[in-house]
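Asks: Sequence plus the predicted model coming up.
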Amino acid sequence: MVLVSAVRDYVTRMLSDIAGMKVLILDSQTVSIISVAFSQSELLQKEVFLVQTIDSNAKEIMTHLKAVCFLRPSADNIQHLKRILHRPRFGEYHLYFSNILKTSHIQILADADEHEVVQQVQEFYADFVAVGPYHFTLNLPSKHMYLLPTVADPQSMQQICDRIVDGISAVFLALKKRPIIRYQRGSEIAQRVAHDVVRLMYEQESAMFDFRRTEVAPLLLVVDRRDDPVTPLLNQWTYQAMVHELLGIKDNKVDLRGIPRVPKDQQELVLSSEQDAFFKANMYENFGDLGMNIKKMVDEFQLKGKSNQNIQTIEDMAKFVEHYPEYRKMHGNVSKHVTMVTEMSRIVDERKLMSVSQTEQDLACNNAGEAAAFEAVMNQLNNEGLAEVDRLRLVMLYALRYEKENSQHLEQLLNRLASRSSKFKAGLVHTLLKQAGVDKRTGDLYGNRNLFNRARNMARGLKGIENVYTQHQPLIFHTIENIVKGWLRDIDYPVVGSQFQQGRPQDVVIFIVGGSTYEEARTVALHNVANTGTRVFLGGSVILNSNGFLNDLEEVQLAGQMNAV
């Protein structure tokens, strides 16, 4: 549980070193960092009786509490602390920052501490949201900015790059490693992030990153979401990815408040592999196997329920009371998973997603030919029961695959889409091609750029597909394979600085500017389970689903229209 463990260790040290009743003061980003690593009951066990945000206007004086502040080292937070220290509400203040603190900020805090309530100032490098052992996100706002040229908004672009550099550097400080850094050729923002990371790790803070060297240095690879626009457009059929696609996951929580007939106690659900053994065992299972496993869990729960009904003696009663918390927890878990799977099944039926997904997978994976693909997509567009967004995604997937092959067919599909959709017009498909079309991409997205990849795809096709709905492999699958085998080409992924990558790295961090997906996280997790000798971590600006990716494209389209006015 590498990344989650790193965050838990930092927070445990923070809270265990300070005896007595505590208040935990967080900012909007560290709230997410803490909430995915610790449950409320765990915080309570560490004598945290109150959690507040740094911008709270509460005025009640509580000198019996000790304030543990865990904050990002931003200028805004320093100003908030300055205000708080001017009129302290708590007896002591212990300041922990999630990243490197500027000397000027330390001076501001020292000057503000007139009442001498600050007991310590430390840096604990948990500046990322560890949603899984090998998967982290930064929850960046304005995530579409990476799609715009730098000149559109230089200040916002700089802020995004700075936050990405902070997140990546914190991961390596937590892992106690300094990597060789490579980036995707052709991506301005990936190149910029890579150069900024090198400047930080090898120049500005070189001493901090001077860890014991391994025989082969770790690798940081910075890539651009636009190199694989297919993965975030696809429907998903494995548990975690499917929940995010159909219901949405934010900081390992699923919000069902807008869905009718969901019981009140099931309206916000926690989906954490750390706290839920069933989810941990099934998060990468396909929807069919998941249904069978949920049925088994329900059957086991019903058996337990029947045994609890058979209480005849004092001993039986004592046994029931002893096991009641476990029984209640099991009841909550069963209800949670049944609620989510029931709602997802309803959406699948309502939107005819099994039929849609089969066409999507054919467009993403198979080489049946352009004519057959055109006919399949046109048939789906003529299907009355399809949601507008599903029609749009099918046309986008066709356009990405066959943009150079038959412009007449693409135009026909765009016209049909426009006639069937009040919301989505052809312009959004053109925006996608402009951003992530074949001329913009570096990697071999469809495995057809060279003889070796075409042969590999053919061999895979001859073996047969175990499940037609999960046959797609994201581009990151082939990227990892190329890293492990030493096939990642310098011309496509240049090394920054004077460092040289020799041999196979034991640790690799792949950061996707623009956002990762849970399908890619599954690919990384399955690679790590296979134990090839190379451990891979995946990070991204956000965690995308198709809705998030389409929203980003709409924002870019809107920005283009405003600039044209």
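Replies: Sure thing, it's come through. The structure presented is a predicted model; accordingly, all values stated were derived computationally and were not measured.

Asks: Skip the chain neighbours and tell me the closest residue to Arg441.
Replies: Asp227 (5.2 Å; Cβ to Cβ, 6 or more residues apart in numbering). The C-beta positions use only the backbone N, C-alpha and C, and glycine is treated the same way.

Asks: Tell me who's in contact with that neighbour.
Replies: With contacts defined as Cβ atoms under 8 Å, 6 or more residues apart in numbering, the neighbours of Asp227 are 184, 187, 436, 441-443, 445, 475.

Asks: again with Asp276
Replies: By Cβ under 8 Å, 6+ apart, Asp276 lies in contact with 270, 333.

Asks: do Val198 as well
Replies: Counted by Cβ under 8 Å, 6+ apart, Val198 has contacts 181, 496-497.

Asks: Between which two of the contacts of Asp227 is the distance greatest?
Replies: Farthest pair in the contacts of Asp227 (Cβ to Cβ) is Ser187 and Leu445. Separation: 14.3 Å.

Asks: can you pull out the strands in the stretch 101-250 of the chain?
Replies: Applying DSSP state E, counting those that start in this stretch to the stretch 101-250 of the chain gives strands spanning 118-123, 129-132, 135-137, 180-183, 219-224.

Asks: now do the stretch 451-565 of the chain
Replies: Using DSSP E, counting those that start in this stretch, the strands of the stretch 451-565 of the chain run over residues 507-513, 535-540.

Asks: Flag the shaky bits of this structure, pLDDT-wise.
Replies: 1, 305-328, 448-466, 562-565 (pLDDT under 70).

Asks: Quick check: ChimeraX command selecting the buried ones in the contacts of Asp227.
Replies: To isolate the buried members of the contacts of Asp227 in ChimeraX, using 16 or more other Cβ atoms under 10 Å:
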select :184,187,436,441,442,443,445,475
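
Asks: Same list as before, the contacts of Asp227 that is, but in CSV and with distance to Gly288 included.
Replies: Putting the contacts of Asp227 into CSV (distance: Cβ to Cβ, whole Å) gives the following:
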residue, distance to Gly288
Gln184, 36
Ser187, 38
Ala436, 32
Arg441, 33
Thr442, 35
Gly443, 31
Leu445, 28
Leu475, 26
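
Asks: Let me know the distance separating Tyr518 from Val223.
Replies: When distance is defined by Cβ to Cβ, to the nearest Å, Tyr518 is 17 Å away from Val223.

Asks: Would you check how far apart the residue nearest to Arg441 and Met396 are?
Replies: Plainly put, Asp227 is 16 Å away from Met396 if you go by Cβ to Cβ.

Asks: And for Glu520?
Replies: For Glu520, the distance to Met396 (Cβ to Cβ) stands at 18 Å.

Asks: quick one: buried residues of stretch 513-527?
Replies: Buried residues in stretch 513-527, counting neighbours by 16+ other Cβ under 10 Å, are found at 513-525, 527.

Asks: Looking at those residues, which is nearest Val542?
Replies: Once Cβ to Cβ is applied, the member of these that ends up nearest Val542 is Gly515, at 4.3 Å.

Asks: end-to-end on stretch 135-143?
Replies: Stretch 135-143 has an end-to-end distance of 18 Å (criterion: Cα to Cα, to the nearest Å).

Asks: Sheet partners, orientation included, of the longest strand seen in the chain?
Replies: Determined from DSSP state E, the single longest strand within the chain is strand 62-71. Sheet pairing here is set by DSSP bridges, and for strand 62-71 it gives strand 22-26 (parallel), strand 90-97 (parallel).

Asks: got the angle between that strand and strand 118-123?
Replies: Angle of strand 62-71 versus strand 118-123, following axes from the mean of the first three to the mean of the last three Cα atoms, to 10 degrees, is 10 degrees.

Asks: before we move on, the earlier item: want to try CSV for the buried residues of stretch 513-527, with distance to Lys46 as columns?
Replies: Shown next, in CSV, are those (distance: Cβ to Cβ, whole Å):
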residue, distance to Lys46
Val513, 36
Gly514, 37
Gly515, 33
Ser516, 31
Thr517, 34
Tyr518, 30
Glu519, 35
Glu520, 34
Ala521, 29
Arg522, 32
Thr523, 35
Val524, 31
Ala525, 29
His527, 35
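
Asks: contacts for stretch 357-369?
Replies: Outside stretch 357-369, the residues that reach it (Cβ under 8 Å, 6+ apart) are 230, 233-235, 237, 373, 376-377, 380, 393-394, 397-398, 401, 448, 457, 461, 468-469, 471-473.

Asks: Narrow these to just the buried residues.
Replies: For the contacts of stretch 357-369, buried by 16+ other Cβ under 10 Å: 230, 233-235, 237, 373, 376-377, 380, 393-394, 397-398, 401, 457, 469, 471-473.

Asks: Chain neighbours aside, what residue packs nearest to Gly437?
Replies: For Gly437, ignoring the flanking residues on the chain, the nearest one in space by Cβ to Cβ, 6+ apart is Glu403 at 5.7 Å.

Asks: buried set for stretch 209-222?
Replies: 209, 217-222.

Asks: between these, which is nearest Lys22?
Replies: The closest of the buried residues of stretch 209-222, once distances to Lys22 are taken by Cβ to Cβ, is Phe209, at 31.9 Å.
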